[in-house]
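Enquirer: Turn this into a structure:
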Amino acid sequence: MHLTVLDAPNEWSRFAEGSIERRMLLALGDRLGTRLRPKPLMLPDSSRVEVEGIDDAGRVLVQLVSNQGAYKPAYRNKVMADMFKLLWLRDSVPTAERAVLLITELVVQALGGWVARAAADLGIEIYVFDGNAAVTLQDRT
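Expert: Below you'll find the predicted structure:
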C-alpha cells in the first residue's frame with residue numbers, strides 16, 4: 001500500500017509557536033541538514049494519518065515522543081507504538097528512506113532492555129532532544 005504525502009493546512013499543523021514539538025523538529029532538522037514539518041498522508045481509501053515530521057523530498061520520516069515531567073511506564077508503549085508507525089510509514093511512503101524517532105531526555109528510560117536494540121536492528125534512528133539540540137542516543141553521554 002502506498003501513502004500520498006499531502007500539503008498541510010498550515011506549515012506547523014498542531015505544533016504551536018514555541019512548543020516543544022516545534023523546537024524538537026527544528027533541532028533535528030538542523031542536525032540532519034534538512035527542513036522537517038508535520039504533514040498529513042492519505043491512504044488509498046482516502047483516510048488520513050499524520051507524520052510528525054517529514055522533509056520536503058519525503059525521504060526522512062520522524063515521530064516525536066515529547067513527554068516531560070515525571071516518567072511514566074506508559075511512555076514505553078508510546079515509544080513502541082511510534083516505532084511501529086515509523087516502520088509502516090517507511091514501507092508505505094514510496095520516497096521514504098529513513099525512519100527517525102526523536103525523544104526527550106525523560107523518555108530515554110523507555111529504551112531500556114531490548115527496545116533500543118530492536119530499534120537499531122530495524123533501522124530506526126533514535127535521537128534525543130536535550131532542550132536545545134538533537135543528539136544520537138549513543139552520543140548523549
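
Enquirer: Any regions of this protein where pLDDT drops low?
Expert: 141 (pLDDT under 70).

Enquirer: ok, 80 please
Expert: Applying pLDDT under 80 to the chain flags residues 1, 8, 139-141.

Enquirer: For the most centrally placed residue in it, give me its contacts.
Expert: Among the residues of the chain, the one closest to the centroid is residue 63, at 1.7 Å (CA atoms, centre = their mean). By CB atoms under 8 Å, 6 or more residues apart in numbering, the contact list for residue 63 reads 51, 52, 53, 82, 83, 85, 86, 100, 101, 102. Using the backbone N, CA and C atoms, a C-beta is placed for each residue, glycine as well.

Enquirer: Make a markdown table from those and add secondary structure, distance to residue 69 and neighbour count to it.
Expert: Formatted as a markdown table, the contacts of residue 63 follow (DSSP: H, G, I helix; E, B strand; the rest coil; distance: CB to CB, whole Å; neighbours: other CB atoms under 10 Å):
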| residue | secondary structure | distance to residue 69 | neighbour count |
| --- | --- | --- | --- |
| 51 | strand | 25 | 23 |
| 52 | strand | 20 | 24 |
| 53 | strand | 22 | 25 |
| 82 | helix | 19 | 20 |
| 83 | helix | 22 | 20 |
| 85 | helix | 23 | 17 |
| 86 | helix | 24 | 25 |
| 100 | strand | 24 | 21 |
| 101 | strand | 20 | 23 |
| 102 | strand | 18 | 26 |
